[in-house]
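With the sequence up front, the predicted model follows.
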Amino acid sequence: MPVYSLYVISKSGGVIYHQSYSKDAPKLSMNEYLMLGSMFHSLYAITSELSPVPGPTGGSSSGMQVLESDTFRLQCFQTPTGIKFYMTTDLGMTNAENLLKTCYELYTDYVVKNPFYELDQPIRCELFDINLEKLLGTDRT
Amino acid sequence: KKFQKTSSVHEARISEMEKKSQRPNIINRPLPKGKGEVSLSAFAFLFAEFVRYSEGRVSNFNDLEKRLSEAGYMVGVRQLELQAHRHNLEQGKMRREVKLLPMLTFVAYTVWKAVFGKGCDSLEKSTELDDEFMISESHPLPLAKFISVPKDYAGLNCQQFVAGLIEGLLDAADFPARVTAHTIADKGPQRSAPGTVFLIKFHAAVIARSVDA
């Protein structure tokens, strides 16, 4: 599967989950992941402010959803509760949006219904990991 | 006009009472079968909150297991009445299970089907000890399907609630036993959600009387 990695960012901008699903994805240190997360969060807020088009309900529009470069593509999905799911994939990916929506469904199932998980904390739920792996493919060594 | 209004209310009340006497008395109406299904998400949230509530009031996870088991016990006692009655209604005769093995099959298949929608995966008798039986499930029951236990609580099994349910049921049916839930360790190459084994250990009196029969 051409998915490189998945990030989940909480409402406050902290990275609560990151996982790579391909050997080609770069290996970063923990600090770099946190920096990436906060940068995405601010970028999203800035693009939401800059947008010249109002949102469907008349409020502010949504932020950046797709970022394409020569080598990869980044897709974002913001849930109604303010949580952002980011996915880096290779350029040929067509159904990134649906995959992200399914990831959100898995989140609501295995993370939110887990009594041992507190909201906005780093996600450490085994079942969430297992099911994401099944969904996004296991290319990792 | 006021007088007209009150008389029409009076008429409405009379017609309601007539309607009530035409319908069969509530005692004579057949027992409702009940809705077969409940929203899984709603129940999962309820159960998760119950676990969190208990967790906040205990000091170690053995106590948490005990609390879950006790809650399940109370459900099990009531389930016996309900399931036995419905089962007998279907069969068309009134009977009470008194032998050990039929009682276990009743629990493992009939009650399981009514509560979880399917029969259990397997019911086994332990080879070493006479008074131990095992009901095993290869996939987590819908009850605890969404719960992943964190590493520092390893060994806790939220299926203790179901173990308590079985214990309550057996106790109310006069087969006193101790039921515990154990997680089956992952054996396959692929990680998957762990299954559970419910270990039923009957009291000595039950085994003694089943041997005599």
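Structure's in. What do you need? Residues are numbered from 1 along each chain as shown, chains lettered A, B, ... in the order given.

Would you tell me what helix or strand residue 41 is located in?
All of this is about chain A. A:His41 belongs to helix A:30-50 when assigned by DSSP states H and E.

wrong chain, I was asking about chain B
Using DSSP H and E, the element containing B:Ser41 is helix B:40-55.

Please report how far the nearest residue to B:Pro194 once chain neighbours are set aside lies from B:Gly119.
Leaving aside its chain neighbours, B:Pro194 sits nearest to B:Thr183 (4.9 Å; criterion: Cβ to Cβ, 6 or more residues apart in numbering or on different chains). In this view, the C-beta of every residue, glycine as well, is placed from N, C-alpha and C. For B:Thr183, the distance to B:Gly119 equals 21 Å [Cβ to Cβ, to the nearest Å].

What is whichever helix or strand comes after the helix holding B:Ser41 packed up against?
Counting by DSSP H and E, the element after helix B:40-55 in chain order, helix or strand, is helix B:61-91. For helix B:61-91, the packing partners by 3 or more Cβ pairs under 8 Å, 6 or more residues apart in numbering or on different chains; DSSP states H and E come out as helix B:40-55, helix B:112-116, helix B:160-172.

Of the ones you listed, which shows the lowest average pLDDT?
Among those, helix B:112-116 carries the lowest mean pLDDT, a mean of 81.

Mean confidence (pLDDT) on stretch A:106-121, please.
83.

Can you list the buried residues in that stretch?
Neighbour-count burial for stretch A:106-121, counted by 16 or more other Cβ atoms under 10 Å in any protein chain shown, picks out A:106-107, A:109-117.

can you list the residues of chain A near chain B?
Counting by Cβ under 8 Å from any Cβ of the partner chain, the residues of chain A close to chain B are A:109-110, A:113-116, A:124-128, A:130, A:133.

In a markdown table: these, plus secondary structure.
A markdown table is the format used below for those (DSSP: H, G, I helix; E, B strand; the rest coil):
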| residue | secondary structure |
| --- | --- |
| A:Asp109 | helix |
| A:Tyr110 | helix |
| A:Lys113 | coil |
| A:Asn114 | coil |
| A:Pro115 | coil |
| A:Phe116 | coil |
| A:Arg124 | coil |
| A:Cys125 | coil |
| A:Glu126 | helix |
| A:Leu127 | helix |
| A:Phe128 | helix |
| A:Ile130 | helix |
| A:Glu133 | helix |
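
Check these and tell me the two furthest apart.
A:Pro115 and A:Glu133 (22.9 Å; Cβ to Cβ).

neighbouring contacts of the helix holding A:His41?
A:7, A:9, A:13-15, A:18, A:28, A:60-64, A:76, A:78, A:84, A:86 (Cβ atoms under 8 Å, 6 or more residues apart in numbering or on different chains).

try stretch B:132-144
By Cβ under 8 Å, 6+ apart, the list of residues contacting stretch B:132-144 reads B:40, B:43-44, B:47, B:104, B:107-108, B:116-117, B:120-126, B:147, B:157-159, B:161-162, B:166, B:184, B:193-202.

In helices, which of those residues fall?
B:40, B:43-44, B:47, B:104, B:116, B:161-162, B:166 (DSSP state H).

Just give me the closest of those to A:Thr94.
Distances from A:Thr94 to the ones in helices among the contacts of stretch B:132-144, taken by Cβ to Cβ, are shortest for B:Leu40, at 31.3 Å.

So the closest residue to that closest one other than its chain neighbours versus B:Gln79, what's the distance?
Ranked by Cβ to Cβ, 6+ apart and with sequence neighbours excluded, the top spatial neighbour of B:Leu40 is B:Pro142, at 5.9 Å. Applying Cβ to Cβ, the value for B:Pro142 to B:Gln79 is 16 Å.
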